[in-house]
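Q: here is my input; please provide its structure:
(one chain, ligands or ions: 2)
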Amino acid sequence: MYDQVSELRHIASQIKPERKMRVIAVTSGKGGVGKTTFTVNLALALAEYGQRVIVLDGDMSLANVDIMFGMSAKYTIEHLLSGEKTIEQILLPGPQGVSIVPGGAGVQGLAELERDKLSHVIVNMGRLEDMADLLLIDTGAGLGYTVINLLKAADDVIIMITPEPTSLTDAYGLLKTLLQKTDEVTIYVVVNRVKNEDDAHLVFGRLETAARKFLDCTLKLMGWIYDDPLVGRSIIKQEPLGVSFPESPSYRCIQWVAGTVMGIESNPPRLARGILGFLNRLLPN
Ligand SMILES: Nc1ncnc2c1ncn2[C@@H]1O[C@H](COP(=O)(O)OP(=O)(O)O)[C@@H](O)[C@H]1O
Ligand SMILES: [Mg+2]
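A: Ligands and ions are numbered 1, 2, ... in the order given. Below is the predicted model of the structure:
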């Protein structure tokens, strides 16, 4: 046993370059909150900052990162685990130099990695480290073993919520389960589909208060994204927002969040409030 572990460490040490790739997992308690839309566009926005980004499609049941990029995966992690393909053979080249690793059913295998496959996977996944600065994982929703294992393995976790009450209760459940397993990841929150800035703070505040009171956990608000009809239009076009509608309010927000990921502080994009908002602000309080 000792020999096998030291052998694997040896293999890993040979392929690891000086700089380590940062692994960020995007997750949610409830499905359909906008994880894939966000992950795909965050990858593009980070690429605009000169980052080399790989997106791992880690949603086993609704794997659609490739579709949102307007591509179709031929091979997945499953082929990597079985030894049929190398990492280079399953990678899909996307826009702006972003690459996609399709996960499919192989994600479960990755999360429950068996010892005999470990060295093949370490060597192959290790080569990703030379190709990218950031690995973004679009995980499935929920408390499943595979999702929790992916979250545990990440450096940072972004939990996506929306103003829908069930999104909050499910996110709380996910947090509770995750914190029972690890306290080593940093947890950020992105609030999607908000009407305005106040809405975002209100929704985040609800989850943050519950997490602080009952789970003794501090959450960080990473940003928010406005509810925006152009999101639906970009999905229909099978082009990410960053390609179809780079000026859209939703993509502007994602660019702002990308800045935060890079450690760049900037003001959140503000929605134009129209003539009524303008007149309202002229009135004395
Ligand atoms: N900011 C937004 N504004 C409007 N619609 C959105 C927004 N984000 C996501 N959606 C819609 O929500 C649905 C689910 O998005 P998706 O990214 O597939 O979620 P998930 O990956 O969490 O299941 C899509 O139909 C998409 O158009
Ligand atoms: Mg999804």
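
Q: from now on I want contacts and neighbour counts done on CA atoms only, so please keep to that.
A: Noted.

Q: stretch 271-281 near ligand 1 at all?
A: No - Stretch 271-281 lies apart from ligand 1 when judged by C-alpha under 6 Å from any ligand atom; the minimum separation is 13.2 Å.

Q: in that stretch, what's buried?
A: Within stretch 271-281, no residue counts as buried by 16 or more other C-alpha atoms under 10 Å.

Q: show me the contact partners of it.
A: 196, 249 (C-alpha atoms under 8 Å, 6 or more residues apart in numbering).

Q: and the top helix by length along the chain, what does it pack against?
A: Identified as the longest helix of the chain according to DSSP state H is helix 197-215. In this structure, helix 197-215 makes packing contacts with helix 165-181, strand 186-194, strand 220-226, judged by 3 or more C-alpha pairs under 8 Å, 6 or more residues apart in numbering; DSSP states H and E.

Q: this structure against ligand 1: which residues are in contact?
A: Checking the chain against ligand 1 by C-alpha under 6 Å from any ligand atom, the hits are 31-37, 192-193, 225-229, 231-232, 250.

Q: show me the shaky parts of the chain.
A: 1-19, 285 (pLDDT under 70).

Q: okay, which residue is most central for it?
A: Nearest to the mean C-alpha position of the chain, counting by C-alpha atoms, centre = their mean, stands V26 at 2.8 Å.

Q: how about the nearest residue to that one, chain neighbours excluded?
A: I158 (4.8 Å; C-alpha to C-alpha, 6 or more residues apart in numbering).

Q: list the contacts of the one helix or strand that neighbour maps to.
A: With secondary structure defined by DSSP states H and E, I158 is part of strand 156-161. Contacts to strand 156-161, defined as C-alpha under 8 Å, 6+ apart, come from residues 23-29, 33-35, 151, 167-168, 171, 185-192.

Q: got a list of what the residue of the stretch 51-200 of the chain found nearest ligand 1 touches?
A: Relative to ligand 1, the nearest point of the stretch 51-200 of the chain is R193 (4.3 Å; C-alpha to the nearest ligand atom). Contacts for R193 (C-alpha under 8 Å, 6+ apart) come out as 162-163, 224-228.

Q: how many residues are close by the nearest residue in space to it that is not next to it in sequence?
A: Nearest residue to R193, sequence neighbours excluded (C-alpha to C-alpha, 6+ apart): D227, at 3.8 Å. The burial count assigned to D227 is 15, neighbours taken as other C-alpha atoms under 10 Å.

Q: how close does D227 sit to P165?
A: In this view, D227 and P165 are 16 Å apart by C-alpha to C-alpha, to the nearest Å.

Q: residue boundaries of the helices in this protein?
A: With DSSP H applied, the chain shows helices at 2-15, 35-48, 65-68, 77-81, 87-90, 106-111, 115-131, 145-153, 165-181, 197-215, 229-237, 241-244, 249-261, 274-282, listed in chain order.

Q: need those helices in TSV with distance to V55, can you?
A: Shown next, in TSV, are the helices of the chain (distance: least, C-alpha to C-alpha, whole Å):
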stretch	distance to V55
helix 2-15	20
helix 35-48	7
helix 65-68	8
helix 77-81	13
helix 87-90	12
helix 106-111	13
helix 115-131	11
helix 145-153	14
helix 165-181	22
helix 197-215	26
helix 229-237	17
helix 241-244	15
helix 249-261	14
helix 274-282	37
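
Q: can you say which of the ones you listed is packed in most?
A: helix 35-48 (a mean of 24; mean count of other C-alpha atoms under 10 Å).
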